[in-house]
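1. quick check, what structure comes out for this input:
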Amino acid sequence: MQINEDLIRSVVSQVLQEVRGQGSQPGHSHGAEAGRFGQFDCADKAVAAARYAFEQLRSRPMEDRKKAIDHIRRISIDQRVELGTMEMNETKVGRLDHKIAKLESLGKLAPGTEFLTTQAFSGDRGLAVIEHAPFGVIGCITPVTHSLPTITGNAVSMIAGGNTLVVNPHPSGRKVAAEGVRRFNQAIYDDIGIDNLICVIREPTLESAAAIFGNRDVALICVTGGPAVARAALNSGKRAIVAGPGNPPVVVDETADLDRAARCIIQGASFDNNLLCIAEKEVFVVESVFDAMMAAMQRAGAVPLNQAQIAQLTSAAFQEVGEDRHLAPTKALLGQDAVKLAAAAGVTVAPSTELLYGETREEHPFVSIEQMMPFLPFVRCRDIDHGIELAQHYEHGYRHTSIIHSRDVHNMTKMARAMDTTLFVKNGPCMASLGLGGEGYISFSIAGPTGEGVTSPMTFTRERRCSLIDDLWILGDPGTR
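-> Take a look at the predicted model:
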């Protein structure tokens, strides 16, 4: 190639354009992957684009993080019916009204930049300030049970912390995940000129998840899912925030307001057909009020099944899987409506029925397995100590969520100490622990195994300390130094 003055001018002009692009203005984002709005088939390209977006975001003021989050909130709320319907049609589990409600709740209540705090220590030797910095690119795994809602909550908290994210969604919820991410990114790009703050793998596989875990530009992993994916994250060699499985037990003692307990149990256990990992999965009731509690459930609208009907439902609800032939919920009934479960039990119920229930032995599969169906097993206990003992056993040590209905503070305290769960709810439905009918804030990534609890923007930051020696303690007397 002959190098002449025109060629040199052309190269210099191109370089200058790219350099100017680093400080891009709204509507003029640069970078090889700008305009993709987070849609990727290659994990490495997705991580590279997210890294580029992170470098842009870190040079922007906090106000731009707020603008990005506001778009995610607005779309989640304004387009909740359309996106919720897409999720329902694709995943075919849960309930449409609750898919819509989850998007609205996360849009309104997911914690944002207001959760970031600064600490300061001042004294004779000056001033130390502790601030919270982003990790960078976060690799995320999201479940089929709450595909777009989990991405929504994570995106709000992670971007508030200054991070970007690459999501490997569950394959059965990949389409709504990709569409939601596309809408979020396009709105953010049109406003602040940064694309790909949230990247998603359009055709997710185990291999793409492994590629995200192994990419050197992924600084942190956040997994929301079952035991297998939780183990994979913890074995990745990187810091992982893991929201693992749960099998939340409920204990009802002789002092409980049984009608209130029944209403709360139905509200929590029937929400999205029991797909929530925090949802009531099995109930242990002391013998002295067991029959009264069963009657209260029926008054509150749940439909009881007898032993023969429970047996018929059980045969349809579980199947043997794996080399060890352990029992697992069947796809045919997981997350399905109570009407469909009733049909499997040989019963016809009203279309408005939200929950089925019945008495079982403690060893029953509906008690021991995280079943995610709107049928709730009730087990008789001798007394509160026996109930807590069974609750502890069938929670399987996940330390996820447990619930008690009682007016006895001593019994509440005893169960809280014994269970040692991340969430412990007293006299309310499970979702009250996430700010829905109770105090607190919402997230669908509840990191029990790794200890972070209900995740927030602070979860996705690392602490940095800046120290100034011997100055800026304005209350001190210099003469005393």
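2. mean pLDDT per helix and strand in the protein: which one sits at the bottom?
-> helix 5-21 (a mean of 47; mean pLDDT, DSSP states H and E).
3. strands paired with the helix or strand that it is followed by, and their directions?
-> Following helix 5-21 in sequence order, the next helix or strand is strand 39-40 (DSSP states H and E). When pairs are called by DSSP bridges, strand 39-40 turns out to pair with strand 198-201 (parallel).
4. so what secondary structure elements neighbour the longest helix seen in the chain?
-> Longest helix of the chain, by residue count under DSSP state H: helix 174-192. For helix 174-192, the packing partners by 3 or more C-beta pairs under 8 Å, 6 or more residues apart in numbering; DSSP states H and E come out as strand 39-40, helix 62-78, helix 80-91, helix 147-160, strand 164-169, strand 198-201. For the C-beta atoms, the positions are set from N, CA and C on the backbone; glycine is no exception.
5. quick one: the first one to chain centroid distance?
-> By that I understand strand 39-40. 22 Å (C-alpha atoms, centre = their mean, to the nearest Å).
6. mean confidence score for that strand?
-> Here strand 39-40 scores 98 as its mean pLDDT.
7. can you list contacts of the helix or strand following it?
-> On the C-terminal side of strand 39-40, the nearest following helix or strand under DSSP H and E is helix 43-58. By C-beta atoms under 8 Å, 6 or more residues apart in numbering, the residues outside helix 43-58 that reach it are 22, 24, 29, 31-33, 36, 38, 40, 64-65, 68, 134, 136-137, 139, 159, 162-166, 168, 194-197, 199-201, 208, 211-212, 215, 217-218.
8. just the buried ones from those?
-> Among these, those classed as buried by 16 or more other C-beta atoms under 10 Å are 24, 29, 31, 33, 36, 38, 40, 64-65, 68, 134, 136-137, 139, 159, 162-166, 168, 194-197, 199-201, 208, 211-212, 215, 217-218.
9. re the thing from before, between the helices and strands packed on helix 174-192, which gets nearest to Asp385?
-> Of all these, it is helix 147-160 that lies closest to Asp385, at 37.2 Å by C-beta to C-beta.
10. and the closest one with helix 62-78, angle?
-> 160 degrees (axes from the mean of the first three to the mean of the last three C-alpha atoms, to 10 degrees).
11. now do helix 147-160: which elements does it pack against?
-> helix 62-78, helix 80-91, helix 96-109, strand 137-142, strand 164-169, helix 174-192, strand 198-201, strand 218-224.
12. give the buried residues for the longest one.
-> This means helix 174-192. Across helix 174-192, burial judged by 16+ other C-beta under 10 Å covers 174-189, 192.
13. how about the helices in the stretch 201-350 of the chain?
-> With DSSP state H, counting those that start in this stretch as the criterion, the stretch 201-350 of the chain has helices at 206-214, 227-234, 258-270, 290-299, 307-317, 338-344.
14. worst mean pLDDT among these?
-> Of all these, helix 227-234 has the smallest average pLDDT, which comes to a mean of 84.
15. for that helix, packing partners?
-> Under the contact criterion of 3+ C-beta pairs under 8 Å, 6+ apart, helix 227-234 touches helix 206-214, strand 218-224, strand 240-243.
16. turn the ones you listed into JSON lines, including distance to His396.
-> Shown next, in JSON lines, are those (distance: least, C-beta to C-beta, whole Å):
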{"stretch": "helix 206-214", "distance to His396": "25"}
{"stretch": "strand 218-224", "distance to His396": "18"}
{"stretch": "strand 240-243", "distance to His396": "16"}
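17. quick one: closest of the helices and strands packed on helix 174-192 to Gly358.
-> Of all those, helix 80-91 sits nearest to Gly358, with 27.3 Å by C-beta to C-beta.
18. how far off centre is the closest one?
-> 18 Å.
19. list the buried ones in that helix?
-> The neighbour-count check on helix 80-91 (16+ other C-beta under 10 Å) flags 80, 83-84, 86-88, 90-91 as buried.
20. could you do stretch 203-213 as well?
-> For stretch 203-213, burial by neighbour count (16+ other C-beta under 10 Å) applies to 204, 208-209, 211-213.
21. next: stretch 369-384.
-> For stretch 369-384, a neighbour-count test (16+ other C-beta under 10 Å) marks 369-381, 384 as buried.
22. confidence-wise, which of those comes last?
-> Gln371 (90).
23. is it true that it touches Leu275?
-> No - under the criterion of C-beta atoms under 8 Å, Gln371 makes no contact with Leu275, lying 10.6 Å away.
24. between whichever strand or helix holds Arg380 and helix 258-270, how big is the angle?
-> Applying DSSP H and E as the criterion places Arg380 in strand 375-381. Note on geometry: by the same axes, to 10 degrees, strand 375-381 and helix 258-270 are set 140 degrees apart in direction.
25. sheet-wise, list the partners of strand 375-381 with their directions.
-> Counting by DSSP bridges, strand 375-381 is paired with strand 282-286 (parallel), strand 356-359 (parallel).
26. show the subsequent helix or strand relative to the shortest one.
-> Tracing the chain C-terminally past strand 356-359 and defining elements by DSSP H and E, one meets helix 365-368 next.
27. using PDB, write down the CA coordinates of that next one.
-> The C-alpha coordinates for helix 365-368 follow below in PDB (Å, rounded to 0.1, in the frame of the first residue of the first chain):
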ATOM      1  CA  PRO A 365     -43.600 -35.600  49.000                       C
ATOM      2  CA  PHE A 366     -45.600 -32.500  49.200                       C
ATOM      3  CA  VAL A 367     -43.900 -31.700  52.500                       C
ATOM      4  CA  SER A 368     -40.300 -32.700  51.800                       C
END
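28. what mean pLDDT does that helix get?
-> Mean predicted confidence for helix 365-368 is 98.
29. again with stretch 45-57
-> Here the average pLDDT along stretch 45-57 is 97.
30. in that stretch, what's buried?
-> Buried, per 16+ other C-beta under 10 Å, within stretch 45-57: 45-54, 56-57.
31. per-residue pLDDT, the closest residue in space to Cys140 that isn't next to it in sequence?
-> The shortest distance from Cys140 to any residue other than its chain neighbours is 4.6 Å, reached at Val167 (C-beta to C-beta, 6 or more residues apart in numbering). pLDDT for Val167: 98.
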